[in-house]
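Enquirer: Got a sequence here, can you model it:
(chains A and B, ligands or ions: 2)
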Amino acid sequence: MVWAIVKAVVVFSWALVTVLYITLLERKESALIQDRIGANRAEVLGLRLNGFFQPFADALKMFFKEDYIPPFVDRPFYMLAPLFALVFALVPVGAIPLADSVKIGERVVSLSVIGSNVGVVLVLSLLSLGIYGVILGGYGSRNKYGLVGGMRATAQVISYEVALGLSLIGVLLVFPSLDLNEIVHMQNRYILGGWVPRWGIFLQPLAAVLFLIAGMAENKRVPFDLPEGESEIIGYFLEYSGMKFGMFFVADFVEVLLLAALFTTFFLGGYNPPYLFPDGFHFPWGGSWLLSPVWVRVVQFITFNIKLWIMVWFLLLVRWTYPRYRYDQLMDLGWKNLVPLSIVNIIITAGIMAVIK
Amino acid sequence: MRLFWEAVKGLRVTARHLLRNLWKFSLYYVGLSKDKGVVTLEYPEERRETFPRVRLRHRLLRREDGRLRCVACFLCATACPARCIYIEAEEDPDHPLEKKPRQFVIDLGKCAYCGFCVEACPEDALRMDLHIPELAEYNRDDLLYDIEKLTKP
Ligand code: SF4
Ligand code: SF4
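Expert: Ligands and ions are numbered 1, 2, ... in the order given. From the prediction side, this is the model:
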């Protein structure tokens, strides 16, 4: 119990700090892509560090803004929506293994908050629950544009959920386990004479692309940001202000973090850098560098963060590259391309597995 | 499939911008190069050169002996399309043949920065060559510029 609380506090504060800096990365990266500098004015004790403190300034601003509740809203739904959005985005983060589990005496303590052996199902189901925040927000704010945004989001997320799940089936065929930690373990073997790690992205490249696209669509960010549609309908958080809007906003970035973390776990070998084994590095060219278990965990955590940030960087790059899809194009892409392709992927994978066995 | 490659091409363009600007700006930030790589001017510290002909805030000129050049002829007030110049004339006690303005107020909140007043002035008493673009006040009344403010920018 105590352990669970400690883990929860540590992991979620890690997640929130990471999310804060994802917002900074988003501002900086978009700025540089557009030949600008980006926010660099926030100052603490005369130190600017080119915007290092900006996320905290943003957070403070969000906290102290007036939280106006329009008189016409459906109060219970209106109040619940941001909570739902944030909680169901944040909880799955707890299922991601940040490093290998530790043996303390007899007990095996996993280094994720929810060390569940059905992590994949858990994450997927919580992800789809997150849509309740959006639909309640749209419905509860009693605003036509909000409702339209909520409906769009629901349709989009439900249809991409299918592609997301199906693309994962291929991965689960190759790594037959629902335990995220176990999946990471299974990716730490090596093929082609021990040089190339058995990462999901090498064994299931098609699934990786499909998962990434479907995940971005789940995220509801550009190029799939029809639910928000800043230029026409603003979307489901139209009537929100202050910290309630802030919660939707943070939930958005938590989903970015979650998608990057899931992609890392399924396709990039999770927390394991190449050639790291439970007792240290063993390189294919012969050398080895032994580490104590604690140091192995530290290296794993750092590796996880590096991979995570690379993925976040890529997701933001995508976000700042493409224009928005039209609604029918979005549905076409989901149902007519991603779903068939992921089914083809499952068939091919299953066929190859059968032949190998 | 073709669409997919086009998408990748798009990513390449943005990534190129990102990496080039990141590299150049990092060098600039640690002081290794003068080239910023980005187009941003960090405004209060850096400003763009104004063009010599630019029409910005007005000023009233003085003669060599320190009197205002303005003789309160009202030509500028007449020429002003925004009707934002208010002049009250009085006799100049030291120079019985001349008038001088008792009050000369330009409401910069109304001014259109057309420069007609400068063109109209027969005495070259009014110019718009201060090159000060900042003109923000909390109060509209603070935008009424009288002789005091117009002579001492
Ligand atoms: S610049 Fe034009 S609008 Fe402004 S005071 Fe002169 S004449 Fe009037
Ligand atoms: S036109 Fe020139 S001299 Fe005449 S009132 Fe205006 S500023 Fe004074």
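Enquirer: only C-alpha atoms for contact and neighbour calcs from this point on.
Expert: OK.
Enquirer: which residues touch A:L268?
Expert: By Cα atoms under 8 Å, 6 or more residues apart in numbering or on different chains, the residues touching A:L268 are A:W199, A:G200, A:I201, A:K307.
Enquirer: for the chain, what spans make up the strands?
Expert: Just going to use chain A. Assigned by DSSP state E, the strands in chain A fall at A:102-104, A:107-109, A:190-191, A:196-197, A:276-277, A:280-282, A:288-290.
Enquirer: try again with chain B
Expert: Along chain B, the stretches classed as strands by DSSP E are B:59-60, B:85-91, B:99-107, B:126-127, B:144-145.
Enquirer: now for these, which one comes closest to chain A?
Expert: Closest to chain A of these is strand B:144-145 (Cα to the nearest Cα; 32.5 Å).
Enquirer: What are the buried residues along stretch B:35-53?
Expert: For stretch B:35-53, burial by neighbour count (16 or more other Cα atoms under 10 Å in any protein chain shown) applies to B:K36, B:G37, B:V38.
Enquirer: And the residues you listed, which is closest to ligand 2?
Expert: Ranked by distance to ligand 2 (Cα to the nearest ligand atom), the buried residues of stretch B:35-53 are led by B:V38 at 43.5 Å.
Enquirer: dump the residue contacts of the residue nearest to the closest one when sequence neighbours are not counted.
Expert: Nearest residue to B:V38 in three dimensions, chain neighbours excluded: A:D35, at 4.6 Å (Cα to Cα, 6 or more residues apart in numbering or on different chains). By Cα under 8 Å, 6+ apart, the contact set of A:D35 is B:H17, B:L18, B:N21, B:G37, B:V38, B:V39, B:T40.
Enquirer: give the contact list for the residue nearest to the last one when sequence neighbours are not counted.
Expert: By that I understand B:T40. Using Cα to Cα, 6+ apart and skipping residues adjacent in sequence, the residue nearest B:T40 is A:R36, 5.3 Å away. Going by Cα under 8 Å, 6+ apart, A:R36 touches B:V38, B:V39, B:T40.
Enquirer: Residue of the stretch 201-350 of chain A closest to chain B, please.
Expert: Ranked by Cα to the nearest Cα, the top residue of the stretch 201-350 of chain A for proximity to chain B is A:T321, at 6.1 Å.
Enquirer: list the contacts for the closest residue in space to A:D252 that isn't next to it in sequence?
Expert: Nearest residue to A:D252, sequence neighbours excluded (Cα to Cα, 6+ apart): A:N219, at 6.9 Å. Neighbouring residues of A:N219 by Cα under 8 Å, 6+ apart: A:D252, A:E255, A:V256, A:L259.
Enquirer: any idea how far the residue in chain A sticking out farthest from the centre lies from A:Q187?
Expert: Distance from the centre of chain A peaks at A:G286, with 36.3 Å (Cα atoms, centre = their mean). Using Cα to Cα, to the nearest Å, one gets 21 Å for the distance from A:G286 to A:Q187.
Enquirer: For chain B, which segments are assigned as helices?
Expert: Assigned by DSSP state H, the helices in chain B fall at B:2-29, B:75-79, B:116-120, B:147-151.
Enquirer: Pipe those into JSON lines and attach distance to ligand 2 and mean neighbour count per row.
Expert: Formatted as JSON lines, the helices of chain B follow (distance: least, Cα to the nearest ligand atom, whole Å; neighbours: other Cα atoms under 10 Å in any protein chain shown):
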{"stretch": "helix B:2-29", "distance to ligand 2": "48", "mean neighbour count": "15"}
{"stretch": "helix B:75-79", "distance to ligand 2": "4", "mean neighbour count": "18"}
{"stretch": "helix B:116-120", "distance to ligand 2": "6", "mean neighbour count": "18"}
{"stretch": "helix B:147-151", "distance to ligand 2": "11", "mean neighbour count": "15"}
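Enquirer: Which of those sits closest to chain A?
Expert: Among the helices of chain B, helix B:2-29 comes nearest to chain A, with 4.5 Å by Cα to the nearest Cα.
Enquirer: list the helices and strands that closest one packs on?
Expert: For helix B:2-29, the packing partners by 3 or more Cα pairs under 8 Å, 6 or more residues apart in numbering or on different chains; DSSP states H and E come out as helix A:2-33, helix A:293-319.
Enquirer: Save the ones you listed as a markdown table, and put in mean neighbour count and mean pLDDT too.
Expert: As requested, the helices and strands packed on helix B:2-29 are arranged in a markdown table below (neighbours: other Cα atoms under 10 Å in any protein chain shown; pLDDT from 0 to 100):
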| stretch | mean neighbour count | mean pLDDT |
| --- | --- | --- |
| helix A:2-33 | 17 | 88 |
| helix A:293-319 | 19 | 89 |
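Enquirer: Identify whichever of the ones you listed lies nearest to A:A95.
Expert: helix A:2-33 (10.0 Å; Cα to Cα).
Enquirer: Which helix or strand in chain A has the lowest average pLDDT?
Expert: Every helix and strand of chain A was ranked by mean pLDDT, DSSP states H and E. The lowest is strand A:107-109, at a mean of 73.
Enquirer: for that one, the distance to its chain's centre please.
Expert: Its chain's C-alpha centre and that of strand A:107-109 lie 26 Å apart, by Cα atoms, centre = their mean, to the nearest Å.
Enquirer: which residues of the chain score low on pLDDT?
Expert: No chain specified, so I'll use chain A. Scanning chain A for pLDDT under 70 picks out the ranges A:105.
Enquirer: nope, chain B please
Expert: B:153.
Enquirer: contacting residues around stretch A:272-290?
Expert: The contact list for stretch A:272-290, computed with Cα under 8 Å, 6+ apart, reads A:V184, A:N188, A:G194, A:W195, A:P197, A:L291, A:S292, A:P293, A:V296, A:Q300, A:T303, A:F304.
Enquirer: and of those residues, the nearest to A:L60?
Expert: Using Cα to Cα, the contacts of stretch A:272-290 come closest to A:L60 at A:F304, 28.8 Å.
Enquirer: hang on, the closest one packs against A:D100?
Expert: No - contact criterion Cα atoms under 8 Å: A:F304 and A:D100 do not qualify, at 10.9 Å.
Enquirer: Residues that sit against both of the two, list them.
Expert: With Cα under 8 Å, 6+ apart as the test, A:F304 and A:D100 both reach A:Y271.
Enquirer: can you pull the alpha-carbon coordinates of stretch A:63-73 into PDB?
Expert: Provided in PDB are the C-alpha atoms of stretch A:63-73 (Å, rounded to 0.1, in the frame of the first residue of the first chain):
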ATOM      1  CA  PHE A  63      -4.200  28.700 -11.900                       C
ATOM      2  CA  PHE A  64      -4.900  32.300 -11.300                       C
ATOM      3  CA  LYS A  65      -7.100  33.000 -14.300                       C
ATOM      4  CA  GLU A  66     -10.800  33.700 -13.600                       C
ATOM      5  CA  ASP A  67     -12.700  30.400 -13.700                       C
ATOM      6  CA  TYR A  68     -15.900  31.600 -15.200                       C
ATOM      7  CA  ILE A  69     -18.800  29.100 -15.400                       C
ATOM      8  CA  PRO A  70     -21.500  30.200 -17.800                       C
ATOM      9  CA  PRO A  71     -24.900  30.300 -16.300                       C
ATOM     10  CA  PHE A  72     -26.500  28.100 -18.900                       C
ATOM     11  CA  VAL A  73     -24.300  25.000 -18.500                       C
END
